[in-house]
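J.: I need the structure of the sequence given here:
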Amino acid sequence: MFSPITTLYTYFPLQFYIRITIDLLIMVFGVFLAARMYRKRKFDKVQQAACIVLFMWGAIVLLFTVLGRRSHNDYELNYNLELFSCYRQIFVEYDKSMLKTALQNILMFVPIGFTLFIVFNNKHRVLISIAVSFGLSLFIEICQLFLKSGIFELDDLLNNTIGGLIGIILCLTVSLIYHKVRKNHRKEDSVVSEGNR
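T.: Model (predicted):
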């Protein structure tokens, strides 16, 4: 007999709803934290926006890497502790699918590194941003291992951290260009104002 509840449960199991709820709570927490830090004047508007984007993107990454995946039912924990194995497959075996996977793992963490560099606005922000990128990647890999929703791989840790570092470098480059352009505009404005006197 057809049952709408049974059909909904088949297509959208309880585990799926729990994982989506966790993901939404992470996003809400990010918005709440950004608003609170802005009210306490610990964040400016740019840092507040970066914090919100960081939590939103982090929640999306968690959804695609851990929370949105089905757990496999075998009893063994899947892991690959061979460092640079993906690069061996790319450059020695010419594995295009592995190249795509490595690039995805790098690109996925570029926005995280970029936004972290804005959020942590202090002299140690490069090290903090790299450490947080690595920590988030390690958290994802451990979750994949124990929730059996993927494979714990050292190469994923490496590629995610490289992605975070690229994001930091991009943010630093954009910041330097922005400050240089502003400095040039100020010089031009001062020359024009002196010429008008």
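J.: which residue ranges form the strands in this structure?
T.: For the chain, applying DSSP state E gives strands covering 79-80, 152-153.
J.: can you tell me which of those strands the model trusts least?
T.: Comparing mean pLDDT across the strands of the chain, the weakest is strand 79-80, with a mean of 88.
J.: who does that strand touch, helix- and strand-wise?
T.: Here strand 79-80 touches strand 152-153, going by 3 or more Cβ pairs under 8 Å, 6 or more residues apart in numbering; DSSP states H and E. (Glycine included, C-beta is placed from N, CA and C.)
J.: tell me what the strand it packs on is packed against?
T.: By 3+ Cβ pairs under 8 Å, 6+ apart, strand 152-153 packs against strand 79-80, helix 125-146.
J.: out of those, flag the one nearest residue 34.
T.: Within the helices and strands packed on strand 152-153, the stretch nearest residue 34 is helix 125-146; the backing value is 15.7 Å (Cβ to Cβ).
J.: and the pLDDT at the residue nearest in space to the middle of the chain?
T.: The residue lying closest to the centre of the chain (Cα atoms, centre = their mean) is residue 112, at 3.6 Å. pLDDT, residue 112: 95.
J.: list the contacts for it?
T.: 54, 57, 58, 61, 132, 133, 136, 163, 164, 167 (Cβ atoms under 8 Å, 6 or more residues apart in numbering).
J.: among these, which lie within helices?
T.: Members of these lying in helices (criterion: DSSP state H): 54, 57, 58, 61, 132, 133, 136, 163, 164, 167.
J.: for those residues, which one is nearest residue 119?
T.: Lowest distance from residue 119 to those (Cβ to Cβ) belongs to residue 54, with 6.2 Å.
J.: and for that closest one, the neighbour number?
T.: When neighbours are defined as other Cβ atoms under 10 Å, residue 54 has 23 of them.
J.: for it, what are its contacts?
T.: Counting by Cβ under 8 Å, 6+ apart, residue 54 touches 30, 111, 112, 115, 116, 119.
J.: nearest to residue 100 among those?
T.: Comparing the contacts of residue 54 against residue 100 with Cβ to Cβ places residue 111 closest, at 18.7 Å.
J.: with adjacent residues omitted, what lies nearest to that closest one?
T.: If the residues on either side of it in the chain are set aside, residue 111 comes closest to residue 57, at 4.9 Å by Cβ to Cβ, 6 or more residues apart in numbering.
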